[in-house]
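Trainee: Predicted model, plus sequence, below.
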Amino acid sequence: MILIGENINIMSKSLGPAMKERNPTPIQEMALAEIAAGVDYLDLNIGPARRDGDKLMEWIVNVVQEVTDKPLSLDTTNPVAMEAGLKVCKSKALINSISLQPARLESELPLVKKYNASMIGLLWGAEGMPRDANERCAMAVEIVYRANEWGIPNEDIWIDPIVSPVSVEINQVKACIEFMSMLSEIALGCKSVVGLSNISNGAPGHLRPYLNRAYLLMLMKHGLHSAISDAFDAELINVAKGGMPEISKLVWGMMDGEQPDFASLTPKELEYAKTVRVLTGQSLYSHSWLEI
Ligand code: THG
């Protein structure tokens with residue numbers, strides 16, 4: 001499992017202002033802390049970056065590269081900012097992301113080729129978000145076809161099915177799992193990636209890690225290749241690296257229809273089992289799901 005640290009983003013209360021003021025220290029400290037926590041890539045999320053986005057992306061890539069040579073995932077919807085980052089990126093960059101909107105494909109697929117980058121193919125189409133696993137499959141086939149037309153090989157395409165919050169739409173939560181089980185057959189050699197923390201968006205902060213960890217394990221059952229995730233949840237990192245085999249056995253068993261005897265589970269197993277019931281739609285999400 002490849003982990004992409006999500007923590008350098010313009011929405012962050014401390015790093016957003018540092019980006020605007022061009023203050024490198026907090027960003028470099030965050031980069032080093034994420035790496036110490038065990039991530040493989042750093043996501044640099046500067047948002048839509050409408051004004052001076054190219055200057056900001058060039059600056060932040062350079063600032064991070066002063067302290068590390070870890071590979072970078074460049075996260076912006078501004079194609080001019082994207083190219084400015086690609087120009088100065090020393091390692092093979094991951095472009096986060098390219099969606100199926102015709103204008104985005106035309107402006108960004110050439111950049112993948114020109115800079116020999118990898119790309120996240122975001123399953124977001126002209127009509128917005130896919131509604132189920134089948135629409136995700138159709139979109140994945142389409143984006144791979146379009147990328148191949150530009151000479152981009154499958155191993156450089158990381159498909160992102162778009163994770164939605166469990167508090168919003170359980171059917172979409174299930175659809176991403178189902179899609180992940182189909183991906184290897186429809187897009188041979190492609191990789192997969194999710195924005196894992198999306199699953200717990202809207203949940204109280206202290207409860208978010210439980211959702212993130214259990215959903216990661218569920219996606220891993222179907223061979224998830226990588227996740228953009230919080231670098232500072234040590235248990236999540238452990239799970240991602242295969243460190244909790246007894247918990248994976250429990251979770252994967254439940255996904256195959258096993259019904260564990262809750263009375264015989266350890267407190268840790270119970271956390272995961274209750275969360276899996278919510279994420280599979282067997283119990284309804286509420287902020288108190290762990291207490292029930
Ligand atoms: N797919 C792809 N890229 C993505 C996403 C995706 N990039 C953005 C996002 N989704 C993944 N990154 C984050 C980054 C931060 C948070 C969630 C997802 C987050 N941050 C806290 C918050 O907003 O409450 C803390 C912010 C802070 O540091 O102050 O939740 O799906 N390809």
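Mentor: Alright, I've got the coordinates. Numbering: from 1, shown residues only.
Trainee: helices or strands next to the lowest-mean-pLDDT helix or strand in the chain in the packing?
Mentor: Counting by mean pLDDT, DSSP states H and E, the chain has its least confident helix or strand at helix 102-114, which shows a mean of 93. With contacts taken as 3 or more Cβ pairs under 8 Å, 6 or more residues apart in numbering; DSSP states H and E, helix 102-114 sits against helix 79-88, strand 94-99, strand 118-122, helix 133-149. Where C-beta positions appear, they are placed from N, C-alpha and C, glycine not excepted.
Trainee: Give me the sheet partners of the second one and which way each runs.
Mentor: Strand 94-99 has these partner strands in its sheet, going by DSSP bridges: strand 72-76 (parallel), strand 118-122 (parallel).
Trainee: mind putting the ones you listed in JSON lines, mean neighbour count and distance to the ligand included?
Mentor: Formatted as JSON lines, those follow (neighbours: other Cβ atoms under 10 Å; distance: least, Cβ to the nearest ligand atom, whole Å):
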{"stretch": "strand 72-76", "mean neighbour count": "25", "distance to the ligand": "5"}
{"stretch": "strand 118-122", "mean neighbour count": "25", "distance to the ligand": "5"}
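Trainee: The helix or strand hosting residue 273: which residues count as buried?
Mentor: Using DSSP states H and E, the secondary-structure element containing residue 273 is helix 267-279. The neighbour-count check on helix 267-279 (16 or more other Cβ atoms under 10 Å) flags 269-279 as buried.
Trainee: Check stretch 23-36 too.
Mentor: For stretch 23-36, using 16+ other Cβ under 10 Å, the buried residues are 24, 26-28, 30-31, 34-35.
Trainee: Spell out whether that stretch and the ligand are in contact.
Mentor: No: applying Cβ under 6 Å from any ligand atom, one finds stretch 23-36 out of contact with the ligand, separated by at least 9.2 Å.
Trainee: Run the chain-centre distance for that stretch.
Mentor: Centroid separation for stretch 23-36 versus its chain: 20 Å, with Cα atoms, centre = their mean, to the nearest Å.
Trainee: and the least confident helix or strand of the chain, anywhere near the ligand?
Mentor: No: no part of helix 102-114 sits close enough to the ligand to count as contact by Cβ under 6 Å from any ligand atom; the gap is at least 13.0 Å.
Trainee: Look at residue 66 and say how many residues are nearby.
Mentor: A count of nearby residues for residue 66, using other Cβ atoms under 10 Å, gives 11.
Trainee: what sits against the nearest residue to residue 152 once chain neighbours are set aside?
Mentor: Nearest non-adjacent residue to residue 152, counting by Cβ to Cβ, 6 or more residues apart in numbering: residue 112, 5.2 Å away. Contacts for residue 112 were tallied using Cβ atoms under 8 Å, 6 or more residues apart in numbering; they are 95, 98, 118-119, 147, 150, 152, 156.
Trainee: same deal with residue 62?
Mentor: The neighbourhood of residue 62, defined by Cβ under 8 Å, 6+ apart, consists of residue 88.
Trainee: So what does it look like in phi/psi?
Mentor: Backbone geometry at residue 62, expressed as degrees, to the nearest 10, gives phi -60, psi -40.
Trainee: Confirm residue 70 sits in a strand?
Mentor: No: assigned with DSSP: H, G, I helix; E, B strand; the rest coil, residue 70 falls outside any strand and is coil.
Trainee: Tell me how many other residues surround it.
Mentor: 17.
Trainee: quick one: low-confidence ranges for the stretch 151-292 of the chain?
Mentor: For the stretch 151-292 of the chain, applying pLDDT under 70 flags no range at all.
Trainee: Name the nearest residue to whatever residue of it ends up closest to the ligand, sequence neighbours excluded.
Mentor: Proximity of the stretch 151-292 of the chain to the ligand (Cβ to the nearest ligand atom) peaks at residue 195, 2.1 Å away. Nearest residue to residue 195, sequence neighbours excluded (Cβ to Cβ, 6+ apart): residue 228, at 4.8 Å.
Trainee: What are the boundaries of the helices in the protein?
Mentor: Applying DSSP state H to the chain gives helices spanning 15-21, 24-37, 53-65, 79-88, 102-114, 133-149, 170-186, 208-220, 234-240, 245-255, 267-279.
Trainee: So residue 262 sits against residue 276, correct?
Mentor: No: counting by Cβ atoms under 8 Å, residue 262 does not reach residue 276; the two are 11.6 Å apart.
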